[in-house]
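*Asks:* Take this sequence and fold it.
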Amino acid sequence: MSAPSVESLLDDLDAERAAVMAIVRELPRASWTLPTRAEPWTVRDQIAHLGWFDGAFARAISTPAEFEAERDAVTDIAGYVDRTLGEVPEVGPAALAYWQDAARAFDRAARACDPSARLPWYGPSMSLRSAITSRIMETWAHGGDVADAVGARLAPTDRLRHVADIAVRARAQGYRVRGRDVPEVPVRVELTGPSGETWRWGEPHVSDLGRQDDPDHSRGEAITGDAEEFCLVLVRRRHVDDTALQVTGDAAREWMELGQAFAGAPGKDPVRA
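*Replies:* Sure, this is the predicted structure:
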């Protein structure tokens, strides 16, 4: 699969935002204070978080030097993330309007940016495509938290291909943030997307090619199954044992237990169903 264009990624990001915004646009005021599984965040806090970081990325793209100065002044990133919520309007509909404004600023900045640019961020710098893809992942993950809190359903789409791709490429992340070595054992991933399309990462095993003459090389580590479930596990919203994913091998199992597709401190263990 060739790398998607900046324009197609932005279209997918806008579509993911629109799906989440549709869930909250007509919410009664009381629903904005409902708790989500990311305790102690409420529905309003989840939307505020999406808005604030869309705006932060817009600044990183448009005024990188100023953004770097702002970033370098941060000494406690976890506390900083929580404090950002205070910069967003408290009233739910106003928080949504804030996010809409920030989303438009992000899109304007991204469309004007050189696609080859490296962008500063709170961790390592990243490409413009990676920045947009990370926003798709965040919007989907936090949007799912909101949907669950208000009794709605964020319908899965093939935009999850972007989330799954980040999750696969970030296999080492869950190990690094826990101070552990990443196993050298390769893990093949084969997922079924919402449209029925099959997505694959990693080399096929000898057994997959129908060559069973060497049993020691026919066994391989793999994760197969539903793309949405795979993504939910690696944004630490669902425990692997609460899915129908087929996980073969110790390294594959370990990845599903501690992996996280996002940067930052180790994510909380998901609550078992």
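*Asks:* Strands of the stretch 51-200 of the chain, start to end?
*Replies:* Under the criterion DSSP state E, counting those that start in this stretch, strands of the stretch 51-200 of the chain are mapped to 118-119, 126-127, 187-192, 198-201.
*Asks:* right, so of those strands, which gets closest to V247?
*Replies:* Between V247 and these, the shortest separation by Cβ to Cβ is 9.2 Å, and it involves strand 187-192. All C-beta spots, glycine's among them, are computed from the backbone N, C-alpha and C.
*Asks:* helices or strands next to the closest one in the packing?
*Replies:* If contacts are counted by 3 or more Cβ pairs under 8 Å, 6 or more residues apart in numbering; DSSP states H and E, strand 187-192 sits against helix 160-169, strand 198-201, strand 221-226, helix 227-234, helix 250-258.
*Asks:* ok, the nearest residue to V6 once chain neighbours are set aside - contacts?
*Replies:* Computed as Cβ to Cβ, 6 or more residues apart in numbering, the closest residue to V6 that is not its neighbour in sequence is P115, at 5.2 Å. With contact taken as Cβ atoms under 8 Å, 6 or more residues apart in numbering, P115 is in contact with 6, 127-129.
*Asks:* One more: D181?
*Replies:* If you count contacts by Cβ under 8 Å, 6+ apart, then D181 has Y175 around it.
*Asks:* Tell me the spacing between it and S62.
*Replies:* With distances taken as Cβ to Cβ, to the nearest Å, D181 is found 39 Å from S62.
*Asks:* Which stretches in this structure count as helices?
*Replies:* Here the chain has its helices, by DSSP state H, at 6-24, 43-62, 64-72, 77-84, 92-112, 128-149, 160-169, 173-176, 215-218, 227-234, 250-258.
*Asks:* beta partners of R118?
*Replies:* S127 (DSSP bridges).
*Asks:* Verify the stated contact: it with S130.
*Replies:* No: at 9.6 Å, R118 and S130 do not qualify as touching, with contact defined as Cβ atoms under 8 Å.
*Asks:* the more surrounded of those two?
*Replies:* Per other Cβ atoms under 10 Å, whichever of R118 and S130 has more neighbours is S130, with 17 against 14.
*Asks:* Would you mind measuring from that one to A78?
*Replies:* Distance, S130 to A78, using Cβ to Cβ: 22 Å.
*Asks:* before we move on, what about F57?
*Replies:* In terms of Cβ to Cβ, F57 sits 19 Å off from A78.
*Asks:* So these two - more neighbours on which side?
*Replies:* When F57 and A78 are compared on other Cβ under 10 Å, the one with more neighbours turns out to be F57, at 25 against 9.
*Asks:* In this structure that one contacts F106, no?
*Replies:* Yes: assessed by Cβ under 8 Å, F57 is found in contact with F106 at 5.5 Å.
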